[in-house]
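# Whatever this is, show me its structure:
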Amino acid sequence: MAGVTADAVPEPSVDDEHSPGRPAPGPAAIRPRATLVAAGELLRALSAPVRIAIVLQLRDSGRCVHELVDALGVTQPLISQHLRVLKSAGVVDGERHGREVVYRLVDEHLSHIVLDAVTHVEEE
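Next comes the predicted model:
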């Protein structure tokens, strides 16, 4: 691209943002390897369609296993298996209420990751 100067590159406008409300990204910082490995493990834990559906169900409020079974139309053992993966990855946490465990997302960032991925796919 001979002849192109920094002045010729347009600054991104607010309308060009992929995620409204988030600041424009700056130069990529070099992250420690342990951080990158942990981020990869988190993304791997979120990679199954049923786990994505579970995270989407937990965005607004906590749910019991039977509520997830009813909402997603899959078996209880399968929901429990996926919840174990999400729990071990630090995505969800469970709180016992009598005989039931209510599962919640650990923090809001996790729902943003999944929602951004789903929105991206739906835009294509």
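# CA only for contacts and neighbour counts going forward, please
Will do.
# Please tell me how far the longest helix seen in the chain is from the chain's geometric centre.
Assignment by DSSP state H gives helix 108-123 as the longest helix of the chain. Chain-centre distance of helix 108-123: 6 Å, with CA atoms, centre = their mean, to the nearest Å.
# Please list the residues outside it that contact it.
19, 46, 52, 55, 56, 59, 91, 105 (CA atoms under 8 Å, 6 or more residues apart in numbering).
# all helices for this structure, in order.
Using DSSP H, the helices of the chain run over 33-45, 49-58, 65-72, 76-88, 108-123.
# Which of these sits closest to residue 24?
helix 108-123 (15.7 Å; CA to CA).
# can I get the CA coordinates of that closest one in CSV?
Listed next in CSV are the C-alpha coordinates belonging to helix 108-123 (Å, rounded to 0.1, in the frame of the first residue of the first chain):
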residue,chain,number,x,y,z
GLU,A,108,-21.7,-11.1,33.6
HIS,A,109,-18.6,-11.3,31.3
LEU,A,110,-19.3,-14.9,30.6
SER,A,111,-22.8,-14.2,29.2
HIS,A,112,-21.2,-11.5,27.0
ILE,A,113,-18.8,-13.9,25.5
VAL,A,114,-21.5,-16.3,24.5
LEU,A,115,-24.0,-13.7,23.5
ASP,A,116,-21.4,-11.9,21.3
ALA,A,117,-20.6,-15.3,19.6
VAL,A,118,-24.3,-16.0,19.0
THR,A,119,-25.0,-12.5,17.7
HIS,A,120,-22.0,-12.7,15.4
VAL,A,121,-23.2,-16.0,13.8
GLU,A,122,-26.7,-14.6,13.4
GLU,A,123,-25.3,-11.5,11.6
